[in-house]
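[1] predicted model and sequence follow; I will ask about them next.
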Amino acid sequence: QVLLVESGGQSVQAGGSLRLSCAAPGGTFSKYCMAWFRQAPGKERELTGTINRSGASTYYADSVKGRFTISRDNAKNTVYLQMNNLKPDDTAVYYCAARVGLCLDNSRSYDYWGPGTQVTVSS
């Protein structure tokens, strides 16, 4: 069992920046692919990006590519989502998720989820 806890979500104006964190206390954090998903009101949950176990490989959805950066610190059991040049369309609840092994883009492939953190971007 992996407990994930997101933090850092808040309200911000368009063009601003936020950094989300996801802590996973305990366990062998480095064996998990970590992912960030988001869900806007009335929409399905969508993948924002992934980072592999070592942190050497990342993937981003086209909608956030060039603006968002995922990183991880395995010594701190934490994964980060740096979000720059935020847009109103980025408004959503952001979730971190974990799965053992390779990163996949399907939310059903992830076994562990945090409760989510709200990001609201105003124009």
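    Sure, I can see it.

[2] doesn't Thr120 make contact with Lys87?
    No - in this structure, Lys87 is not within contact of Thr120 by C-beta atoms under 8 Å, at 11.8 Å. The C-beta positions use only the backbone N, C-alpha and C, and glycine is treated the same way.

[3] any common contacting residues for those two?
    Common contacts of Lys87 and Thr120 (C-beta atoms under 8 Å, 6 or more residues apart in numbering): none found.

[4] so which residue is smack in the middle of this protein?
    In the chain, the centroid-proximal residue (C-alpha atoms, centre = their mean) is Trp36; its distance is 2.4 Å.

[5] doesn't Thr58 make contact with that residue?
    No - contact criterion C-beta under 8 Å: Trp36 and Thr58 do not qualify, at 10.5 Å.

[6] what residues are shared contacts of the two?
    With C-beta under 8 Å, 6+ apart as the test, Trp36 and Thr58 both reach Gly49, Thr50, Ile70.

[7] among the residues you listed, which ones are in helices?
    Using DSSP state H, no member of these falls within helices.

[8] now, which of these sits nearest Gly8?
    Nearest to Gly8 out of the shared contacts of Trp36 and Thr58 is Ile70 (C-beta to C-beta; 13.3 Å).

[9] and the gap between that closest one and Gln1?
    23 Å (C-beta to C-beta, to the nearest Å).

[10] out of these two, which sits in the more crowded spot?
    Per other C-beta atoms under 10 Å, whichever of Ile70 and Gln1 has more neighbours is Ile70, with 23 against 6.

[11] list the contacts of stretch 59-69.
    46-51, 58, 70, 81-86, 89-90, 103, 105.

[12] now with 10 Å?
    17-20, 33, 35-38, 46-52, 58, 70, 80-87, 89-90, 103-105 (C-beta atoms under 10 Å, 6 or more residues apart in numbering).

[13] and stretch 71-78, by the same measure?
    2, 4-5, 7, 19, 21-32, 34, 51-55, 58, 79-82, 96.
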